[in-house]
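Enquirer: fold the following and give me the result.
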Amino acid sequence: MPEPSHRIFTTRSDFIEALRQGLELAAEKGCREMWWCDSDYADWPLSEPAVLDALTRWCLPHRRLVMVAQTYDEVRHSHSRFVQWRTRFSHVLDARQYGEDGDETQEVLPTLMLAPTVVTVRLFDKQVWRGSVSYERADEIRARDLVDAIAQRSTPSFASTTLGL
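Expert: Residues are numbered from 1 along each chain as shown. Here you go, the predicted model:
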């Protein structure tokens, strides 16, 4: 029986597993770029060794990962392994901030991972952890349009190194 081209998940653990599997697929199939979007990445498994291994296998010099967040404070605080990985692979990662730090009036960013031609993982409701994993081109196009519009209204952020005196 063929794999379904779209499936719904309803738990936090299913969301995290969908992200892990999406990253593995991206590493295996080698998509040129990935787009990640979340308000703070607090619930992402960014410091897990298996996730970092998949990211390392995926990132070649011609690849690009665009991360958009409202704040990177949680990443710096809770995902120290990812912060170290980010320093080593800064040539691949374009981290962007949407809105101003502390601006409570701005819209909340969607939570999604897009690996074009591979998979789209989208969390629709964080309260009940309802989301989807899709391999359909139509979902990819909708997600791409969304993250592209968000990225255009964002600014560079989350530097790979900090300069100081």
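
Enquirer: for the residue nearest the centre of the chain, name its beta-bridge partners.
Expert: Centroid check for the chain by CA atoms, centre = their mean gives Trp36 as the closest residue, at 2.5 Å. On the basis of DSSP bridges, Trp36 is bridged to Met67, Met113.

Enquirer: show me the contacts for it.
Expert: Neighbouring residues of Trp36 by CB atoms under 8 Å, 6 or more residues apart in numbering: 44, 65-68, 112-114. Backbone N, C-alpha and C define where each C-beta goes, glycine included.

Enquirer: kindly report the same for Ala18.
Expert: So Ala18 contacts 9, 121, 131, 133 (CB under 8 Å, 6+ apart).

Enquirer: these in strands, which ones?
Expert: Using DSSP state E, the subset of the contacts of Ala18 located in strands is 9, 121, 131, 133.

Enquirer: ok, so of these, who is nearest Leu23?
Expert: Val121 (9.5 Å; CB to CB).

Enquirer: please enumerate the strands of the chain.
Expert: 6-9, 33-37, 64-69, 93-98, 111-115, 119-125, 130-134, 154-156.

Enquirer: do I have it right that Gln70 meets Gly99?
Expert: Yes: using CB atoms under 8 Å as the test, Gln70 is close enough to Gly99 to be in contact (5.6 Å).

Enquirer: done for today, thanks.
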